[in-house]
Every structure is written in structure tokens, then in C-alpha cells.
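Attaching a predicted model along with its sequence, questions to come.
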Amino acid sequence: INIDGVLGDPDSLRISVLDRGFLYGDSVYEVLRTYDGRLFAVEEHLARLKHSAERLSLPLPDVELLRHRMRETVAYAGHDESWCRLMVTRGVGPLTLDPLTAQTPTVVVIVKRFEPFDESTFVEGIRLWIPVARRTAGQAAVKSGNYLTSVMALGEARRAGFDDALLLN
């Protein structure tokens with residue numbers, strides 16, 4: 001885990017309970033994986049992160065800093081192959097919905113060992129449920145930390161005995 005440049009394990013690092021990413025899902029993210037230990041399609045992911053941040057008027061730190069944080073966290077984790085989740089929240093601020101009250105974005109990088117899907121997934125497929133919940137046009141254009149619709153949809157699918165949910169708009 002890397003939080004604002006501090007490397008550690010999940011049990012040693014913490015986010016403020018007043019971070020807007022925690023309070024409101026006021027954040028953007030990208031998930032990359034490595035191939036031969038190198039992050040794949042970094043520029044494409046950073047461009048999409050920038051697009052999402054612009055849609056939310058969320059200021060991003062320097063792109064080179066984000067690249068560096070991902071690379072150092074992947075190296076620190078030391079896995080043969082990894083998943084790398086980069087999140088940028090609007091940061092810590094007072095308990096209010098006003099996004100202008102947070103001054104400094106929080107940058108979090110989480111790296112975990114890559115675990116490929118079971119071979120049976122590719123042979124047999126998975127069973128999908130179409131939940132009652134729908135995505136709005138705005139949700140589909142932004143990869144934000146506000147995942148409540150997806151959480152509810154997956155819960156509905158699992159309770160119905162399915163593997164995953166397919167959200168429609």
C-alpha cells in the first residue's frame with residue numbers, strides 16, 4: 001500500500017475518516033495489471049483517470065508523480081505479477097458536501113498479487129443477473145469511488161444465486 005508516498009502494509013497505513021473518498025466516494029481510480037512485472041497501458045489508464053477527474057472537477061497531482069507512486073508500490077510489493085489500483089480522492093476536509101473545502105488530493109496505490117481467473121471461467125463462463133438497479137449516463141462516463149450501485153447489484157445477483165451482475169443504463 002502507498003498512501004501519499006508512504007509505503008507499508010494494509011495493517012499499518014490509514015486514511016482519515018474525514019477523507020472525502022471515504023465519506024462520499026469523492027474519488028477516481030484506475031486498475032492496471034503487470035505483465036513481466038511492468039505496468040500495462042499506463043498512459044491509457046492515466047488518460048482515463050484524467051478524464052474522470054475532469055468530469056468531477058477533481059484536481060489531479062502531477063501525472064509523473066502518479067506514475068512514480070505506482071511503480072514504487074509495485075516494486076515494494078515484490079510479486080511476480082500484480083494488480084495495481086490507483087485512487088485519487090479529493091482529500092480531507094470538513095464534514096460538508098461542498099467539494100471546494102478539500103485542498104489537497106490524497107493518492108492511494110494498492111498492489112496485490114495477480115490471481116488469474118480459474119480456467120473453468122473461460123470454458124464454462126459465468127452466470128449473469130440483470131439487477132433492478134441501472135447505471136445513469138453520468139456514472140458510465142466516470143470511474144469514481146462511488147460504487148454503491150455496483151455493490152447493490154452484485155448483492156442482488158448473489159442472493160439470486162448468480163455469479164455477477166450486468167448493469168444496464
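Noted; the coordinates are in hand.

Do I have it right that Ala160 meets Arg127?
No: at 9.4 Å, Ala160 does not count as touching Arg127 under the criterion of C-beta atoms under 8 Å. (Glycine included, C-beta is placed from N, CA and C.)

burial count for Leu167?
16 (other C-beta atoms under 10 Å).

Quick check on it: phi, psi?
phi -80, psi 130 (degrees, to the nearest 10).

And Leu46, by the same measure?
Dihedral angles of Leu46 (phi, psi; degrees, to the nearest 10) stand at phi -70, psi -30.

Not counting sequence-adjacent ones, nearest residue to Arg67?
Val42 (6.3 Å; C-beta to C-beta, 6 or more residues apart in numbering).

right, I mislabeled it, should have said Leu97
Excluding the flanking residues, the one nearest Leu97 by C-beta to C-beta, 6+ apart is Tyr24, at 7.1 Å.

How many residues are close by the one you found?
Tyr24: 16 neighbours (other C-beta under 10 Å).

Tell me how far it lies from Thr96.
Distance from Tyr24 to Thr96, counting by C-beta to C-beta, to the nearest Å: 10 Å.

For this structure, which segments count as strands?
2-3, 6-7, 27-35, 38-39, 82-89, 106-113, 128-129, 164-165 (DSSP state E).

any chance of those in JSON lines, plus distance to Ser120?
Shown next, in JSON lines, are the strands of the chain (distance: least, C-beta to C-beta, whole Å):
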{"stretch": "strand 2-3", "distance to Ser120": "34"}
{"stretch": "strand 6-7", "distance to Ser120": "36"}
{"stretch": "strand 27-35", "distance to Ser120": "21"}
{"stretch": "strand 38-39", "distance to Ser120": "28"}
{"stretch": "strand 82-89", "distance to Ser120": "21"}
{"stretch": "strand 106-113", "distance to Ser120": "20"}
{"stretch": "strand 128-129", "distance to Ser120": "16"}
{"stretch": "strand 164-165", "distance to Ser120": "15"}
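
Can you say which of those is nearest to Arg20?
For Arg20, the closest of the strands of the chain is strand 82-89, at 5.7 Å, according to C-beta to C-beta.

residues in contact with that closest one?
15, 19-22, 26-34, 39, 45, 49, 53, 58, 60-61, 66, 69-70, 73-74, 105-114, 145 (C-beta atoms under 8 Å, 6 or more residues apart in numbering).

If anything else comes up later, I'll come back, but that's it for now.
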